[in-house]
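Enquirer: Structure of the sequence below:
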Amino acid sequence: MLVIRGTKKVLDRIPNVPRSVDADRSTTRLGDWYVNVLFWKPQVALFVSETTLLPVLVPFAPAATLLDRFPTALLANLQAHEVPRTFTDAELDEMHERRLTKTANRSVVGVMNEFRFLGEIYFHEDGETDLVALSMRLADTPCSPLYTRHISPDHELAALVASNPS
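Expert: Numbers count the residues shown, from 1 in each chain. Okay, here's the model as predicted:
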């Protein structure tokens, strides 16, 4: 099961999906995912893994299918990070059942705000419009919750995969 923890902006825009209770946890190795909507033109959803802080950007519209489109976007990002297929297949197998609930970790929400700020710079000022490339660029950002481990989401992901690739 995949638990996606959305901000109020997201929860208000995706009303007809199964809701999770606070005790639910994802069965994926990347853990729960947090999501916020970025009001760019066009609007973009920013997903962040609670475990690795890996960012994944997905077109927000149509909002009703956002959670169904997320696994495909995640796969594209994991392939860009050269994650072994055994890991990606196992991760996607656990994502058939998806639940949405409110955010629960203020630290992850803070990291999402930093990614939003940097993403706006990369998107608007640098002209980076490829969402996978932009996600990769954000994944290289040092994040304070990772300072005692692997510093940035891309290195945290590599360490997680290396610890057990299947």
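Enquirer: in the chain, what secondary structure element scores lowest on mean pLDDT?
Expert: For the chain, counting by mean pLDDT, DSSP states H and E, strand 98-102 ranks last in confidence among helices and strands (a mean of 90).
Enquirer: packing partners for that strand?
Expert: Using 3 or more Cβ pairs under 8 Å, 6 or more residues apart in numbering; DSSP states H and E as the contact test, the elements touching strand 98-102 are strand 2-6, helix 8-13, helix 66-80. For every residue, glycine as well, the C-beta is placed using N, CA and C.
Enquirer: Taking helix 66-80 as reference, get the angle to the helix or strand following the second one.
Expert: If you walk from helix 8-13 toward the C-terminus, the next helix or strand you reach (DSSP states H and E) is strand 33-38. Put simply, strand 33-38 runs at 110 degrees to helix 66-80, going by axes from the mean of the first three to the mean of the last three Cα atoms, to 10 degrees.
Enquirer: Numbering from 674 from now on, please.
Expert: Noted, 674 is the first residue going forward, which turns the last one into strand 706-711.
Enquirer: so for strand 706-711, what's the average pLDDT?
Expert: The pLDDT scores in strand 706-711 average 96.
Enquirer: what's the answer for stretch 822-837, then?
Expert: Rounded mean pLDDT across stretch 822-837 is 91.
Enquirer: Stretch 795-805 now?
Expert: For stretch 795-805, mean pLDDT is 83.
Enquirer: Distance from it to the middle of the chain?
Expert: Here stretch 795-805 shows a centroid-to-chain-centroid distance of 17 Å under the convention Cα atoms, centre = their mean, to the nearest Å.
Enquirer: Would you mind getting the angle between the least confident helix or strand of the chain and strand 675-679?
Expert: Computed by the same axes, to 10 degrees, the angle separating strand 771-775 from strand 675-679 equals 30 degrees.
Enquirer: C-terminal to strand 771-775, what's the next element?
Expert: helix 779-793.
Enquirer: thinking again about what came up before, Asp705 is nearest to which of the helices and strands packed on strand 771-775?
Expert: Proximity of these to Asp705 was assessed by Cβ to Cβ; the nearest stretch is strand 675-679, lying at 4.6 Å.
Enquirer: Paired strands for that closest one, with orientation please.
Expert: strand 706-711 (parallel), strand 771-775 (parallel) (DSSP bridges).
Enquirer: who touches it?
Expert: For strand 675-679, contacts defined as Cβ atoms under 8 Å, 6 or more residues apart in numbering pick out 687, 693, 697-701, 705-709, 720, 723, 740, 743-744, 767-768, 770-778, 781.
Enquirer: ok but Glu719 is inside a helix, no?
Expert: Quick fix: residue 719 reads Leu, not Glu. No. Under the criterion used here (DSSP: H, G, I helix; E, B strand; the rest coil), Leu719 is strand, not part of a helix.
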